[in-house]
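[1] Here is my input; please provide its structure:
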Amino acid sequence: MGQQCEVCKKTPQLGNQKTYRGKAKYLGGVGKKITGISRRTYRPNLQSIKIAGEKGETVRARVCVACIRSGSVTKPMKRQPFSMQAV
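    As a prediction, the model looks like this:
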């Protein structure tokens, strides 16, 4: 699927976008009024990153930022750690 996280399977969700008019009460107005409601799509914030697979191979995947921040994916090691030669 095009807009789907490969880890948590998050997909676009439908919701409402509300348009307001007026001045808020705490600013001295009579309150905000809803003048229109239209449908909109909430899309996941997908990023194309390299992740480490099960066998240690590097795989490119589209993952949402919530999974990246939570640590659900592990990024591959870029290079082996530095070690001194035994003398």
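[2] and the helix or strand harbouring Leu14, how far from the chain's centre?
    Remark: Leu14 resides in strand 13-21, with elements defined by DSSP states H and E. Its chain's C-alpha centre and that of strand 13-21 lie 20 Å apart, by CA atoms, centre = their mean, to the nearest Å.
[3] Doesn't Arg69 belong to a helix?
    Yes - with DSSP: H, G, I helix; E, B strand; the rest coil as the criterion, Arg69 is assigned to a helix.
[4] Now do it against Val63, distance only.
    From Arg69 over to Val63 the distance is 10 Å, taken as CB to CB, to the nearest Å. Placement of C-beta: from N, CA and C, glycine included.
[5] More neighbours: which of the two?
    Between Arg69 and Val63, counting by other CB atoms under 10 Å, Val63 is the more crowded of the two (22 against 9).
[6] got a pLDDT number for the more buried one?
    pLDDT recorded at Val63 is 96.
[7] Name the residues that touch the strand holding Leu14?
    32-42 (CB atoms under 8 Å, 6 or more residues apart in numbering).
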